[in-house]
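Peer 1: predicted model and sequence follow; I will ask about them next.
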Number of protein chains: 2
Amino acid sequence: MNDDTETPGWVVGMSMPEPSVDDNTADKDRLLGCLSRSLGTDKEMMALDLELVRQLPRILRNSNFDIRVSYFKARGTCFLTSIVDSSSDCRALGIAIDLGTTKYVLRIVDLQTKDTLFESSFDNPQTEVGQDILTRIHKSDQSKSNLDYLHNLLIRDLNENIHSMSDSIGLSTQNVTNVSLAGNTAMTHFFLNFEPYWMIREPYIPVANEIDLLKAGDLGLQLSPQARVFCFPNTGSYFGGDLFSGIVYSGMHKREEISILVDVGTNAEVVLGNKDWMIACAGAAGPALEGGASDIGMQAAPGVIDSLNIDPENLAFDLHTIEDLPPVGICGSAMIDLTAQLFKAGLLDFRGKFVPAKQPDTFREIEDIIYLILVPAEKSATGEELLIGQPEIDSLIRSKAAMFTILETLVGSVGVTFQDISVFYVGGTFGNYIDPKSAITIGMLPDIPLDCYTSLGNSSLEGATMSLQYPEVVQEVFEVKDKITYLELNVNQEFMNAFSAAKFLPHTDKSRFPSIYLCFVTHNLSLLH
Amino acid sequence: MNDDTETPGWVVGMSMPEPSVDDNTADKDRLLGCLSRSLGTDKEMMALDLELVRQLPRILRNSNFDIRVSYFKARGTCFLTSIVDSSSDCRALGIAIDLGTTKYVLRIVDLQTKDTLFESSFDNPQTEVGQDILTRIHKSDQSKSNLDYLHNLLIRDLNENIHSMSDSIGLSTQNVTNVSLAGNTAMTHFFLNFEPYWMIREPYIPVANEIDLLKAGDLGLQLSPQARVFCFPNTGSYFGGDLFSGIVYSGMHKREEISILVDVGTNAEVVLGNKDWMIACAGAAGPALEGGASDIGMQAAPGVIDSLNIDPENLAFDLHTIEDLPPVGICGSAMIDLTAQLFKAGLLDFRGKFVPAKQPDTFREIEDIIYLILVPAEKSATGEELLIGQPEIDSLIRSKAAMFTILETLVGSVGVTFQDISVFYVGGTFGNYIDPKSAITIGMLPDIPLDCYTSLGNSSLEGATMSLQYPEVVQEVFEVKDKITYLELNVNQEFMNAFSAAKFLPHTDKSRFPSIYLCFVTHNLSLLH
């Protein structure tokens, strides 16, 4: 137990006056009357499932009207999710779900002590149907049964994993009363069995941005019969619940200072603001930032290059692989490091083109395309050279330029500058691993002091967890949603001009990256001209 | 169609703006936004079942965003119960249920036109377990399976009858979206599968006085999957939803003048008040007023005596039976007529005792008990004499005295008199048939002008119907419930003194029944002394 036990959570103890001739209201009315006084919530806004009302008389009398109640509320109605004898040692549990496209994470939380009891990460079983979300959406477009299949695949997997996790800590899934789920709009649609068809077609309409607290059973989740599920809301198809979860976890919505939060992925979702205002946008950055545009790009796994250094003097490559195994490929964040290091070493020029002349042995030309030999055949795990071609670098540069232009456009739209930003959160499963120094070097992120950059970790999971610990967090989610302005990015001439200017390393306007310029000026003066 | 089509009911048509790049909120949010503006209801207070949200995108697009919505609201959340293309001829139906202990009545209502489409009355199938409600409650006390049996018996019967009624008018039960049910507290408990155990034991606690709008499917009712059920609330175990339904039907809660409403049965439920205040009480009157204390007492059916007259000159009995068949018994209201006529004819004295001396042939003494020969053997349907014994008259007089004392106590508790009452509603399945003149003659009802008395008919059914026609009626039900004060009747010395005084015909205090006294004074002066 931690100190948070003192902060009221979703569990409340109540000793109620017993009925008498002079105080003979009905059981349900007595309960809701006491609870509404205790929570300061309007009695009309509280609800019990029919089955719980049926059990109420016996629960109240067996406990001598001394009970512990768990509840859940997101806008509108406040649902009671369990009622037990206050002397019972039955713990009300919460499950936080970070529902990612590739993986999902489950965390079991004790709703009273607020402790995390167990956490585990699982592959999203829908990858069987399609690795990327678009493939799955197109599959679901073909028939209702395809959509049902994707939905059921997920629900079955969640049930199995929740069950085995609970088992392993000796608790029953029947004790799970509150579930909080944060995911992108598409994954939330699959979870709810909503057709994502219109989400990906102009004008990009989700089925719902907000959904009431749902009965877990109605979704097929095998938890307590009264368990309710909170899904973080979305603002349109491209700004999902995972972002709202990240915002409340960051705390940027409560501070005077301006912060920015970026979820780096195939789509870049960005939110900028403070306690008074918030503006968000999302745009396509392409798969390159996640390593998806490279033949040898892959997700973090044993043998994957996850960081590297190039000695500026002798141009020697110092690669680090996960678990120090012979290299099999390179992950997205290391691709950014590589690009930054190549540029610093003078092996990439201002336009992002390889400079083979500087070290001819490191490059090879095949069918008019220049390749960097990242790992020679004799050192790779596959026995083949690991090559990075000029087109792969070009693709990464387009992605980083898109990212920078999105950031620039959003910041410019409210008349602030990057220098006004006190904290720059980088999030997303991939974003967490980006080295801000490398990202600044290639002009993907703005040149602000490095200590402004903060990695958020799995902010989606953390926000979902907080919503199970602190009732006010759920309220904050909706306050943020009501406050936020979504900026539709117009890919107009102005945007394209900014994009073109950002397709250089780090940028055509060197004054925007003074730290990079100052750092390189002595070494690579020639390359910058 | 009647004129009421113009008054907004539970159905609303809406032509919504189609989504565009500049107006790209989610389907559900678009719908609730439009609807909340149209109804003036807070968007947060509106809810759609998950399944309806799932269907929403196609419904909206197939109808070009031009839809007709039915909804239902009782305190708290407003539930959408159907959404159809506005050009569809699919009618949203409501079912009003008057759930009586002995019989129940179903009425199918078109929610848009407000027309009654069909109505039928059925025996309550629970009579198989016990004719009276107490027997059923005691059975349900014995085991959960007994309670389930009683509940399921009712639900099955409702399903069958709703199905065959819908069939007979060519409509599907799937079109039934709103159900409104009014019954006494015990029947409402059986309908909801709530244990009535604590209802009938001091301090007489119902499981719930109010219940949210329930999903019909959760109760086992096979209607539209989104159908919601409104149960009229109760105020304690003895003042049920049927009474609230009667109040809103009478309109007494909206008038300046004071009215009284009495539901006459084994228990007498009484409510007194006007638009500003309301006070209610309930007390046991015994089964005699319903004919239950007489060997030949029976419910209205062919051959049952339902009215009678005694010629004051020659003391000849003029009996009327239902369908003019040879008499088999006498119904409750005719028992009141009989007592009044006997008293007026001088065959019953001031104390309620037979006066055989006045017409010896009409009476017979068996084992020290005097019997009135109501129908001689040769004229009865059974071939046997229909007899009424002195104990049966005594029992009726105790019941009428209890009724009068309850009325007197309630009226006295707020410092008004019977003369302050503008309308006196007599309701209940039996109460509707009472001749107020007879009831005044025996001192069961107060001696106020006859035109103050109004029979309400099946007020429980009518109130339930109104709640399907006019949303404001549901609101009024809760306003009445919040306003009403329930007076616990203390059977103390004062009550017992009043009761003793009321055990005479019409009363020991003759000044309270001036019209009776004046009428009789010439004929029966001797009997009054």
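Peer 2: That came in fine, so what should we check first?
Peer 1: in what helix or strand does residue A:180 lie?
Peer 2: strand A:176-183 (DSSP states H and E).
Peer 1: mind listing what that strand pairs with, with the direction of each?
Peer 2: Partners of strand A:176-183 in the sheet, by DSSP bridges, are strand A:93-99 (parallel), strand A:228-231 (parallel).
Peer 1: need the winner for burial among these.
Peer 2: Stretch with highest mean neighbour count among the strands paired with strand A:176-183: strand A:93-99 (a mean of 28; mean count of other CB atoms under 10 Å in any protein chain shown). No exception for glycine: its C-beta is placed from N, CA and C like everyone else's.
Peer 1: how far off centre is that one?
Peer 2: 14 Å (CA atoms, centre = their mean, to the nearest Å).
Peer 1: for residue A:176, give the beta-bridge partners.
Peer 2: residue A:93.
Peer 1: right, and it touches residue A:91 too?
Peer 2: No. Here residue A:176 lies out of contact with residue A:91, judged by CB atoms under 8 Å, at a distance of 10.0 Å.
Peer 1: which of those two has more neighbours?
Peer 2: residue A:176 (26 against 20; other CB atoms under 10 Å in any protein chain shown).
Peer 1: check what pLDDT that one gets.
Peer 2: You'll see residue A:176 listed with a pLDDT of 98.
Peer 1: pull the contacting residues for it.
Peer 2: Contact analysis of residue A:176 by CB atoms under 8 Å, 6 or more residues apart in numbering or on different chains lists A:93-95, A:108, A:162, A:166, A:216, A:223-224, A:227.
Peer 1: at 7 Å what do you get?
Peer 2: By CB atoms under 7 Å, 6 or more residues apart in numbering or on different chains, the contact set of residue A:176 is A:93, A:95, A:223-224, A:227.
Peer 1: what does residue A:85 give?
Peer 2: A:62-63, A:67.
Peer 1: what pLDDT does it get?
Peer 2: So, for residue A:85, pLDDT stands at 98.
Peer 1: phi and psi next, for it.
Peer 2: The phi/psi pair for residue A:85 (degrees, to the nearest 10) reads phi -50, psi 130.
Peer 1: what of residue A:128?
Peer 2: For residue A:128, the backbone dihedrals (degrees, to the nearest 10) come out as phi -60, psi -40.
Peer 1: show me where the stretch 151-300 of chain A has its helices.
Peer 2: Counting by DSSP state H, counting those that start in this stretch, the stretch 151-300 of chain A has helices at residues A:185-192, A:241-250.
Peer 1: so the closest residue to chain B within the stretch 351-500 of chain A: helix, strand or coil?
Peer 2: In the stretch 351-500 of chain A, the residue that lies nearest chain B is residue A:488 (7.0 Å; CB to the nearest CB). Classification of residue A:488 using DSSP: H, G, I helix; E, B strand; the rest coil returns coil.
Peer 1: residue contacts, it?
Peer 2: Going by CB under 7 Å, 6+ apart, residue A:488 touches residue B:21.
Peer 1: kindly recompute the last result at 8 Å.
Peer 2: With contact set as CB under 8 Å, 6+ apart, residue A:488 has these partners: A:281, B:21.
Peer 1: do residue A:504 as well
Peer 2: A:350-352, A:443.
Peer 1: of the residues you listed, which is the most crowded?
Peer 2: residue A:443 (29 neighbours).
Peer 1: now do the host helix or strand of residue A:338: distance to the chain's middle.
Peer 2: When elements are assigned from DSSP H and E, residue A:338 belongs to helix A:332-344. The chain centre lies 24 Å from the centre of helix A:332-344; the measure is CA atoms, centre = their mean.
Peer 1: what residues does the stretch 101-250 of chain A put near chain B?
Peer 2: A:192-195, A:197-198, A:202-212, A:214, A:218-219, A:234, A:236 (CB under 8 Å from any CB of the partner chain).
Peer 1: would you list the buried entries among these?
Peer 2: Restricting those to buried positions leaves A:192-195, A:197-198, A:203-212, A:214, A:219, A:234, A:236, with burial counted as 16 or more other CB atoms under 10 Å in any protein chain shown.
Peer 1: any weak-confidence spans in the stretch 201-350 of chain A?
Peer 2: A:290-292 (pLDDT under 70).
Peer 1: quick one: the strands in it?
Peer 2: Ranges of strands within the stretch 201-350 of chain A are A:214-215, A:228-231, A:258-263, A:267-273, A:278-284, A:304-310, A:317-321, A:329-330, based on DSSP state E, counting those that start in this stretch.
Peer 1: my read: residue A:230 touches residue A:72, true?
Peer 2: Yes. Between residue A:230 and residue A:72 there is a contact under CB under 8 Å: 6.4 Å.
Peer 1: could you tell me which residues touch both of the two?
Peer 2: A:178, A:213.
Peer 1: phi, psi for the residue in the stretch 101-250 of chain A that chain B sits nearest to please.
Peer 2: Of all residues in the stretch 101-250 of chain A, residue A:208 sits closest to chain B, at 3.7 Å by CB to the nearest CB. Per-residue torsions, residue A:208: phi -150, psi 140 (degrees, to the nearest 10).
Peer 1: just the pLDDT at the residue of the stretch 1-150 of chain A found nearest chain B, thanks.
Peer 2: Residue of the stretch 1-150 of chain A nearest chain B, by CB to the nearest CB: residue A:28 (3.7 Å). Residue A:28 carries a pLDDT value of 98.
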